[in-house]
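Colleague: whatever this is, show me its structure:
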Amino acid sequence: MSDPDTRYRLVLLGASRTGKSSIIHMFLNGKFLDTYKETVEDLHYREFTVDDKTIKVDILDTAGKQENILSFFFFN
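Modeller: Next up, the predicted model:
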């Protein structure tokens, strides 16, 4: 299916102040953030084991402004 160096990239898009960071934090840490801290841009990395295979995932948390999304996909 995928070789060991395959990395999946997930980008969360949406308007400012809609809870994108809180959703990512809940997914990664199991805790919901109810305080607001403005995101400039955060990149999270995790490895998950699914059916005895390691899945590498980058999660980009955007600031509600999508100017730099193309560089994430094409230049990294």
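Colleague: thinking Asn49 is in contact with Ile55, fair?
Modeller: Not Asn; residue 49 is Thr. Yes: between Thr49 and Ile55 a contact is recorded at 7.4 Å, counting by C-beta atoms under 8 Å. (C-beta placed from N, C-alpha, C; glycine too.)
Colleague: neighbour-wise, which of these two wins?
Modeller: Ile55 (15 against 8; other C-beta atoms under 10 Å).
Colleague: from Thr6, how far out is the more buried one?
Modeller: 8 Å (C-beta to C-beta, to the nearest Å).
Colleague: Provide a list of residues in contact with the residue nearest in space to the middle of the chain.
Modeller: Nearest to the mean C-alpha position of the chain, counting by C-alpha atoms, centre = their mean, stands Ile59 at 1.8 Å. Counting by C-beta atoms under 8 Å, 6 or more residues apart in numbering, Ile59 touches 9-12, 24, 27-28, 43-46.
Colleague: check His44 too.
Modeller: The contact partners of His44, by C-beta under 8 Å, 6+ apart, come to 24, 28, 58-61.
Colleague: how about those, which pair is most distant?
Modeller: Leu28 and Leu60 (12.9 Å; C-beta to C-beta).
Colleague: how many other residues sit next to Lys20?
Modeller: 21.
Colleague: also Ile24?
Modeller: Using other C-beta under 10 Å: Ile24 sits among 19 other residues.
Colleague: isn't there a helix covering it?
Modeller: Yes: Ile24: assigned to a helix according to DSSP: H, G, I helix; E, B strand; the rest coil.
Colleague: does it really touch Leu12, like I thought?
Modeller: Yes: applying C-beta under 8 Å, one finds Ile24 in contact with Leu12, separated by 6.2 Å.
Colleague: overlap in contacts of those two?
Modeller: Applying C-beta under 8 Å, 6+ apart, one finds that Ile24 and Leu12 are jointly contacted by 59, 61.
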